[in-house]
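give me the fold of what follows.
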Amino acid sequence: MPLTRDNVRGLRAQLEDSIKIVGFELDMGAATFSPTEVTFKVTLRQVGAEKTEERDFKLYASVFRLQPEWFGQSFT
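You can find the predicted model right below:
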């Protein structure tokens, strides 16, 4: 049976439920699939560790005259 968008959603849910590693958070990213194969981007991050986006914001904030603690806030 060929893979469909609904099949892939079901597989994602099963993977998320089955991958439990003590001390790590799981982030299931985008999926690409063909009729016979599916590829997921999977990120395991230590619990409490900063995400890449937060780390980069804090690193480069001063270049844009921003405060590192402003991460996550909206700017207008």
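
use CA for all of it now, contacts and neighbours both
OK.

contacts only, for the residue nearest to the spatial centre of the chain.
Central residue of the chain (Cα atoms, centre = their mean): D27, 4.0 Å from the mean position. By Cα atoms under 8 Å, 6 or more residues apart in numbering, the contact set of D27 is 42-45.

for the residues you listed, give me TSV that also has distance to E54, secondary structure and neighbour count.
Below are the contacts of D27 laid out as TSV (distance: Cα to Cα, whole Å; DSSP: H, G, I helix; E, B strand; the rest coil; neighbours: other Cα atoms under 10 Å):
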residue	distance to E54	secondary structure	neighbour count
V42	18	strand	13
T43	15	strand	11
L44	16	strand	13
R45	13	strand	15
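
quick one: distance of the strand or helix carrying the residue nearest to the centre of the chain to the chain centre.
Per DSSP states H and E, D27 falls inside strand 24-33. Here the centre of strand 24-33 is set off from its chain's centre by 6 Å, with Cα atoms, centre = their mean, to the nearest Å.

for it, which positions count as buried?
Buried residues in strand 24-33, counting neighbours by 16 or more other Cα atoms under 10 Å, are found at E25.
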